[in-house]
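A.B. asks: what's the 3D shape of this:
(2 chains)
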Amino acid sequence: MTSQISVEAPAETFAAQLDPLMLAESWMLEGREVAVATVIKTWGSAPRPVGSHLVIDADGNFSGSVSGGCVEGAVISEAAEVIASGEPRMLEFGVADETAWRVGLSCGGTIEVYLERIG
Amino acid sequence: MDPHLLKKLNAARRDRQAAIMLTDLADGRNRLVMKGDPAAGDLGSAVAKAFRTGKSGVVEAEGQQFFLNVHVPSPRMVIIGAVHISQALAPMAKIAGFDVRVIDPRTAFATPDRFRNVDLAADWPEDVLKEQPLDAFTALVAVTHDPKIDDWPLISALKAEAFYVGALGSRKTHARRVERLTEAGLSDAVIGRIAAPIGLSIGAQSPEEIAVAILAQTIAALREPPRPLKD
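C.D. replies: Below is the predicted model:
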């Protein structure tokens, strides 16, 4: 039955894919290991508000965002370790924070991101 | 994060219930607090405040640091008229995070085939909105051009103080609409809240472009500080 595919309109698919927590749940149900990153603090000009999520699976697939694309790469690589160990981590990204992180926020703000494994 | 709590949180979000995911930043343990759940002490008052303001953040209570992530229901958009513009607007508004409903009593327009995966009611707005009245967290977009269909929900939205009320139509059409609404007993200030001509002025021509203009105007009404009413 090909109609199974055709009844799924793009908008529904996109909306579900764009909601990180809904996607994290469906990944979980598929048996994938998932980490959730959450913006918990911001200072100055930060691209995404407190509460924003990025979800990452063990293969590095991700959805959502904690910045406008500036620090996601670093969060995703940390996520692999958090998924492996199960220990949550606190990550801080700032514009002048070159000693600790190679990436920063070009907008000049600072953000704190809490990274945890689901389950 | 506890997988069961994630499931419960997502279920609450689908049911349009406010919930807070509470994380103890010292040990990473989570708790899900639903609005109305009893909560005592400093943490309890922080939770109550977070529900009130809708703001997520880190709080200190009982000598510990907690992160409170507040999930409040998304704003609604009720579109009157299952027309070409609505076919573009409904999916766009869904992507932008609105809970969308399309209402049109004309069964030729309101067909599931034209509105896949959209909450569609092929009935009169008076009847449909009885069960789920408009409120301050709702945007009302009236695009049928037909006073028989548009006027009742427009009046209803203005009385309910919907955060956005927009009506499609030329200046001439709108002038006649203003006359009718004045006769219905609405003040100029209240009628002045209707966005007409509808949509931000971006020179939109196609139905899809008009949908963008309407959605942008709705978002502005939701996110920008309210402007004082004209009297």
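A.B. asks: What pairs with the strand ranked longest in chain B, parallel or antiparallel?
C.D. replies: The residue-count maximum for a strand in chain B (DSSP state E) belongs to strand B:64-71. Strand pairing for strand B:64-71, using DSSP bridges, gives strand B:19-24 (antiparallel), strand B:57-61 (antiparallel).
A.B. asks: Just give me the residue right at the centre of chain A.
C.D. replies: With distances taken as CA atoms, centre = their mean, A:L54 lies nearest the centre of chain A, 1.6 Å away.
A.B. asks: doesn't A:G60 make contact with that one?
C.D. replies: No - A:L54 lies out of contact with A:G60 (CB atoms under 8 Å); the separation is 11.9 Å. The C-beta positions use only the backbone N, C-alpha and C, and glycine is treated the same way.
A.B. asks: Tell me how chain B divides into domains.
C.D. replies: B:3-71, B:76-223 (automatic domain parsing).
A.B. asks: Distance check, B:L140 against chain A.
C.D. replies: Per CB to the nearest CB, to the nearest Å, B:L140 is found 21 Å from chain A.
A.B. asks: Now do the helices in the chain.
C.D. replies: In the absence of a named chain, chain A is used. Applying DSSP state H to chain A gives helices spanning A:3-6, A:10-18, A:20-29, A:72-85.
A.B. asks: not what I meant, chain B
C.D. replies: B:3-14, B:41-53, B:84-95, B:125-131, B:147-159, B:171-183, B:188-191, B:207-223.
A.B. asks: on that earlier part again, can you pull out the residues in contact with the longest strand of chain B?
C.D. replies: With CB atoms under 8 Å, 6 or more residues apart in numbering or on different chains as the test, strand B:64-71 has contacts from A:38, A:40, A:51, A:114, B:9, B:12-13, B:18-26, B:43, B:46-47, B:50-51, B:53-60.
A.B. asks: Whichever of these end up buried, select them in ChimeraX.
C.D. replies: This is how ChimeraX selects the buried members of those, with burial counted by 16 or more other CB atoms under 10 Å in any protein chain shown:
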select /A:38,40,51,114 /B:9,12,13,18,19,20,21,22,23,25,43,46,47,50,51,56,57,58,59
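A.B. asks: Go ahead and flag the most central residue of chain B.
C.D. replies: Residue closest to chain B centre, computed by CA atoms, centre = their mean, is B:R76 at 2.5 Å.
A.B. asks: For chain A, give me the ranges with low pLDDT.
C.D. replies: A:1-17, A:95-107 (pLDDT under 70).
A.B. asks: Now do the contacts for the closest residue to B:S86 other than its chain neighbours.
C.D. replies: The shortest distance from B:S86 to any residue other than its chain neighbours is 4.9 Å, reached at B:I79 (CB to CB, 6 or more residues apart in numbering or on different chains). For B:I79, the contacting residues are B:86, B:89-90, B:93, B:100-103, B:141, B:143, by CB under 8 Å, 6+ apart.
A.B. asks: Please repeat the previous calculation with a cut-off of 10 Å.
C.D. replies: Residues counted as contacts of B:I79 (CB atoms under 10 Å, 6 or more residues apart in numbering or on different chains) are B:85-87, B:89-90, B:93, B:98, B:100-104, B:115, B:118, B:120, B:139-144, B:153, B:166, B:211, B:214.
A.B. asks: Give me the distance between the residue of chain B most remote from its centre and chain A.
C.D. replies: Going by CA atoms, centre = their mean, the residue of chain B most distant from its centre is B:G63, 38.7 Å out. For B:G63, the distance to chain A (CB to the nearest CB) stands at 18 Å.
A.B. asks: Could I get the pLDDT score of that residue?
C.D. replies: pLDDT recorded at B:G63 is 90.
A.B. asks: That one: what's it in contact with?
C.D. replies: Per CB under 10 Å, 6+ apart, neighbours of B:G63: B:26, B:42.
A.B. asks: Pick the most deeply packed of the domains of chain B.
C.D. replies: Highest mean neighbour count among the domains of chain B (mean count of other CB atoms under 10 Å in any protein chain shown): domain B:76-223, with a mean of 18.
A.B. asks: measure it end to end?
C.D. replies: With CA to CA, to the nearest Å applied, domain B:76-223 spans 14 Å between its terminal residues.
A.B. asks: from what I can see B:K148 touches B:D104, true?
C.D. replies: No - the pair B:K148 / B:D104 is not scored as a contact, 11.7 Å apart, by CB atoms under 10 Å.
A.B. asks: intersection of neighbour lists for these two?
C.D. replies: Common neighbours of B:K148 and B:D104 (CB under 10 Å, 6+ apart) are B:W124.
A.B. asks: rewinding a little: report the contact partners of the residue nearest to the centre of chain A.
C.D. replies: A:20, A:24, A:35-39, A:48, A:62-67, A:71-72, A:75-76, A:79, A:113, A:115.
A.B. asks: Select from these every entry located in strands.
C.D. replies: Filtering those for strands - DSSP E - leaves A:35-39, A:62-64, A:113, A:115.
A.B. asks: Distance to B:S206 for these - can I get that in TSV?
C.D. replies: Shown next, in TSV, are those (distance: CB to CB, whole Å):
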residue	distance to B:S206
A:A35	42
A:V36	39
A:A37	39
A:T38	39
A:V39	37
A:F62	34
A:S63	30
A:G64	31
A:V113	41
A:L115	43
